[in-house]
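1. Following is a predicted model, sequence given first.
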Amino acid sequence: MTRQRISSLAAEDWRLQNPNFREPQLSGNLRLVELLKEVGGRHGRTAGEVAIAWTLHNPAVTGAIVGMRNPKQVAGVIGAATFQLSAQEFEGIGEALQQEVAMQR
């Protein structure tokens, strides 16, 4: 997700009413997206693959539900099943997520 993509959403798109897609949460969420892109870039992975791999690696999570609207979207996340983050990457993403949650309180 990008700020440009959000600005091009249709006026009736439900996401525009969701606090995650509005300030101040939007900026924090986009910072997380940039971190996921950065980690993914080092490994030839998408931000989606990194996010799903982080979720699957998290011991507090027993499973990840991932939805796609078309077969093309599968290509952007399928690699998460075999991708392993380093301990440092896993912790860094978790810390960034905690910081954003704390800022939104």
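-> On my side now, so go ahead.
2. Please identify the buried residues of stretch 66-75?
-> Within stretch 66-75, no residue qualifies as buried by neighbour count (16 or more other CB atoms under 10 Å). (C-beta placed from N, C-alpha, C; glycine too.)
3. got the contact list for it?
-> Stretch 66-75 is touched from outside by 52, 77, 80, with contacts defined as CB atoms under 8 Å, 6 or more residues apart in numbering.
4. try it again with 7 Å
-> With contacts defined as CB atoms under 7 Å, 6 or more residues apart in numbering, stretch 66-75 is touched by 52, 77.
5. Ends of that stretch, what's the gap?
-> End-to-end distance for stretch 66-75: 12 Å, by CA to CA, to the nearest Å.
6. what does stretch 18-34 give?
-> With CA to CA, one end of stretch 18-34 sits 20 Å from the other.
7. check contacts around residue 97.
-> Neighbouring residues of residue 97 by CB under 7 Å, 6+ apart: residue 32.
8. Which element, helix or strand, includes it?
-> With secondary structure defined by DSSP states H and E, residue 97 is part of helix 87-104.
9. how far does stretch 41-60 stretch from start to finish?
-> End-to-end for stretch 41-60, by CA to CA: 26 Å.
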